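S.K.: using only what follows, build the 3D model:
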Amino acid sequence: MDFRYTPDEQQFRLEVRRFIAEHCPREIRGFHEIHAEHVALEMAFLKKMAERGWLGAAFPREYGGLGGERAPMAEYILIDELHHADLEGVAVTLTYIVGIIGNTLLQVGSADLKQEFLPRMLNAELRFAIAYSEPDSGNDIASIRTRAVDDGEDFLISGQKRFITCADTSDYLWTLVRSEAGSSRHKGLSIVLVPSRQPGVTIQVFEMMNGIQTCEVYLDEVRVPKRYLVGVRGHGWQHLMEALARERMTMINFKAVSEPFERFVQWVRVAEMDGERLASDPVVRQSIANMHVKIAGGKMMQLIAGARTADKNYVPTLEAAACKMYRAMLSWEKATLAMDIMRSHGLLTVDTPGAPLNGWWAAEYGWAGHELSGAGGMDLNRKIIAQQGLNLPRWSN
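M.R.: The predicted structure is shown next:
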């Protein structure tokens, strides 16, 4: 297999890299997610991308896209370059708009819904948050209790969502609800686009232990037109699985592992412990070399999956599960390896005197734990690989 980019793809990559260097505000670099104070800067930056047609490079012209004129890997390259430039927060926003919600709407949304939302999305006019998890329904999404009750041409939606990143800065909540009375587990679910400023929506921001901001969302008989139903009513589980596959595929970029690891390696080159240079320790050198090989393998996995998802009709369920699980494992392994080498110094937080890398790695270690559960936990992804990739029988825990 040839992993090299085509000349057109390489030209596009360099074009995106130059654009980022020239137009990206420094204030939005270095964030896992974009906080409220930087939203205006981020959206202005995405707007400039949209003006070049990059957000809709692979979308049909009727919705404001370029009809696939750009390199087939354009969407992958765009997000990859954002990660390369330490713009993970912007990459997450773009993934929500285009990778997850845009692509899922394109496949299952009604004609009216696509016409109302896609042109504005591809023009960077809307922001979204994904509202799946609840206080008693973390990775077990099928147990959600948020309900949508029929009321003429509308739904009345009530419930509570937790860990809804970017809800406070969103225009719409991509919300999983239980729309069929008496249903349980995977049956009777639907996805509805809920306007974030609709009466009855209350959003509270809180900060997690790793310093990342997220939100609690309360829905109190929120009236939403039924035309904002995504796909087929009661088939929300199927649509959710497609959206989650796209989420894992577009959000799981191995540069978010390799770039921090490279910073750590640069520190090891000059650091000393107990008067001895770390770079001279054969155990440290071997451990770093092993991790480098594993990260390179992850990038190859992602390139294969990215090439397959150039076809908009292809849902990368298996590839997304494999990439997500492998990256989460590497992220945790990378973080713990660095902590082992830094010893107790690695636990020192930002601006603490004597902290390696100015205390940056303590936050990186906290974030690595989150990756084990984000976009579906490890057991869920193992089940997908076992059943869809290896044709093993279904099982439950």
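S.K.: to what extent is residue 118 buried, counted in neighbours?
M.R.: The number of residues packed near residue 118 is 24, by other CB atoms under 10 Å. The way it works is simple: take the backbone N, C-alpha and C, and place the C-beta from them, glycine included.
S.K.: ok, it touching residue 104?
M.R.: No - when contacts are counted by CB atoms under 8 Å, residue 118 is not listed as touching residue 104 (11.1 Å).
S.K.: okay, and the common contacts of those two?
M.R.: Applying CB atoms under 8 Å, 6 or more residues apart in numbering, one finds that no residue jointly contacts residue 118 and residue 104.
S.K.: longest strand of this structure?
M.R.: strand 213-225 (DSSP state E).
S.K.: who does that one touch, helix- and strand-wise?
M.R.: On a contact count with 3 or more CB pairs under 8 Å, 6 or more residues apart in numbering; DSSP states H and E, strand 213-225 meets strand 154-162, strand 189-195, strand 201-207.
S.K.: who are the packing partners of the first one?
M.R.: The criterion is 3+ CB pairs under 8 Å, 6+ apart, and the helices and strands that strand 154-162 contacts are strand 147-151, strand 172-178, strand 189-195, strand 213-225.
S.K.: sheet partners, orientation included, of the longest one?
M.R.: Strand pairing for strand 213-225, determined by DSSP bridges: strand 154-162 (antiparallel), strand 201-207 (antiparallel).
S.K.: residue 102 should be in a helix, yeah?
M.R.: Yes - checked against DSSP: H, G, I helix; E, B strand; the rest coil, residue 102 lies within a helix.
S.K.: right, and it touches residue 121 too?
M.R.: Yes - using CB under 8 Å, residue 102 is in contact with residue 121, at 5.3 Å.
S.K.: okay, the helices and strands packed on strand 154-162, which one's buried deepest?
M.R.: Comparing those by mean neighbour count (mean count of other CB atoms under 10 Å), strand 172-178 ranks first with a mean of 26.
S.K.: what does it contact?
M.R.: 96, 100-101, 126-132, 141, 144-148, 155, 157, 159, 161, 164, 167, 188-196, 201, 217, 219, 230, 236, 240, 243.
S.K.: of those, buried ones?
M.R.: Buried members of the contacts of strand 172-178, counted by 16 or more other CB atoms under 10 Å: 96, 100-101, 126-132, 141, 144, 146-148, 155, 157, 159, 161, 164, 167, 188-196, 201, 217, 219, 230, 236, 240, 243.
S.K.: so how many other residues sit close to residue 200?
M.R.: Around residue 200 there are 15 other residues, counting by other CB under 10 Å.
S.K.: close enough to count as contact, it and residue 221?
M.R.: Yes - using CB under 8 Å, residue 200 is in contact with residue 221, at 5.5 Å.
S.K.: what about residue 180, which SS state?
M.R.: Local secondary structure at residue 180 is given as coil here, using three-state DSSP.
S.K.: contacting residues for it?
M.R.: Counting by CB under 8 Å, 6+ apart, residue 180 touches 187-188, 233-234.
S.K.: got the phi and psi for it?
M.R.: Per-residue torsions, residue 180: phi -110, psi 120 (degrees, to the nearest 10).
S.K.: measure it to residue 189 for me?
M.R.: Going from residue 180 to residue 189 by CB to CB, to the nearest Å gives 8 Å.
S.K.: what is in contact with these two at once?
M.R.: Shared contacts of residue 180 and residue 189 (CB under 8 Å, 6+ apart): residue 234.
S.K.: so what secondary structure elements neighbour the host helix or strand of residue 323?
M.R.: Assessed by DSSP states H and E, residue 323 sits inside helix 317-342. Contact partners of helix 317-342 among helices and strands, from 3+ CB pairs under 8 Å, 6+ apart: helix 236-251, helix 255-270, helix 282-308, helix 360-371, helix 378-384.
S.K.: can you list the strands paired with strand 213-225 in a markdown table and add mean pLDDT and distance to residue 348?
M.R.: Shown next, in a markdown table, are these (pLDDT from 0 to 100; distance: least, CB to CB, whole Å):
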| stretch | mean pLDDT | distance to residue 348 |
| --- | --- | --- |
| strand 154-162 | 96 | 30 |
| strand 201-207 | 93 | 20 |
